[in-house]
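> Starting from these lines, generate the structure:
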Amino acid sequence: MSLVVGVGARRGVTAREVCDLVAAVLREAGRGPGDVVALATVAAKASEPGLVEAAARLGVPLRAHPADVLARVRVPHPSDAALAATGTPSVAEAAALAEAVAVARTTGPDGPGGTGRTSGTDGADRADRADGADGADRLTGGELLVPKRRSASPGARVTCAVAVAYRGERLPPEGSGYHRGDAVFDLPGAVSNR
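Predicted coordinates for the structure are as follows:
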């Protein structure tokens, strides 16, 4: 399973803050850092040293998406504060979903490395349709596994969300994915958005 972690951060966030929240969210979801194929954020935050270092520590690329692209991605927890600061009502959830779509579209059916990965792809137009005439590319896209969480540190300087990049099928109904309307669960080291 290929996971993308979307990250929103305030200026000056440290790599440790980012990695601590990512680790807590992955643990609660029953996943590990080895399942993560990319960190994703809004283009305006792509050079933030704490995000760059966190991606390096996790051994994954940091992918950036323009705010106008992220603004078109439907998310369960839009934020007026994010909109005012970055030009998009969501950074963590929208970036996770947009990059999950990019990964799904460019990853072979056997997982990462099939045909490589790309960045900056418009994930807002994610497709839940058959792309090929024979239907081989059915249901390509991304789905939130864990919705936006905020760090528990004073001032909550980082948020993250985890999306699954899927190709060919969605999360199983009995799986542990988040779907709109599901109850929001509390995570150790994270603050939910209730």
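
> Average pLDDT for stretch 10-22, rounded please.
Mean per-residue pLDDT for stretch 10-22: 95.

> outside of that stretch, which residues touch it?
Residues outside stretch 10-22 that contact it (CB atoms under 8 Å, 6 or more residues apart in numbering) are 5, 7, 9, 33, 36, 39, 48-51, 53-54, 56-58, 149-151, 153, 155, 157-160, 189-190. To be clear about C-beta, it is placed using only N, CA and C from the backbone, and glycine gets the same treatment.

> Counting by contacts, list what the helix or strand encompassing E143 packs against.
Secondary-structure element containing E143, defined by DSSP states H and E: strand 140-151. Using 3 or more CB pairs under 8 Å, 6 or more residues apart in numbering; DSSP states H and E, the elements in contact with strand 140-151 are strand 2-9, helix 15-28, helix 92-106, strand 158-167, strand 190-191.

> CA atoms only for the longest one - export them in PDB, please.
Spelled out, that is helix 92-106. Taking Å, rounded to 0.1, in the frame of the first residue of the first chain, the C-alpha atoms of helix 92-106 are listed here in PDB:
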ATOM      1  CA  ALA A  92      -2.500  18.700   4.500                       C
ATOM      2  CA  GLU A  93      -5.600  16.800   3.300                       C
ATOM      3  CA  ALA A  94      -5.600  18.400  -0.200                       C
ATOM      4  CA  ALA A  95      -1.900  17.800  -0.700                       C
ATOM      5  CA  ALA A  96      -2.200  14.200   0.500                       C
ATOM      6  CA  LEU A  97      -5.000  13.500  -1.900                       C
ATOM      7  CA  ALA A  98      -3.500  15.400  -4.900                       C
ATOM      8  CA  GLU A  99      -0.200  13.600  -4.600                       C
ATOM      9  CA  ALA A 100      -1.900  10.200  -4.000                       C
ATOM     10  CA  VAL A 101      -3.600  10.700  -7.300                       C
ATOM     11  CA  ALA A 102      -0.300  11.600  -9.000                       C
ATOM     12  CA  VAL A 103       1.300   8.500  -7.500                       C
ATOM     13  CA  ALA A 104      -1.600   6.200  -8.500                       C
ATOM     14  CA  ARG A 105      -1.500   7.500 -12.100                       C
ATOM     15  CA  THR A 106       2.200   7.000 -12.500                       C
END
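
> buried set for it?
Residues of helix 92-106 classed as buried: 92-106 (neighbour count, 16 or more other CB atoms under 10 Å).

> mind showing which ranges of this protein have poor pLDDT?
Scanning the chain for pLDDT under 70 picks out 107-140, 167-194.
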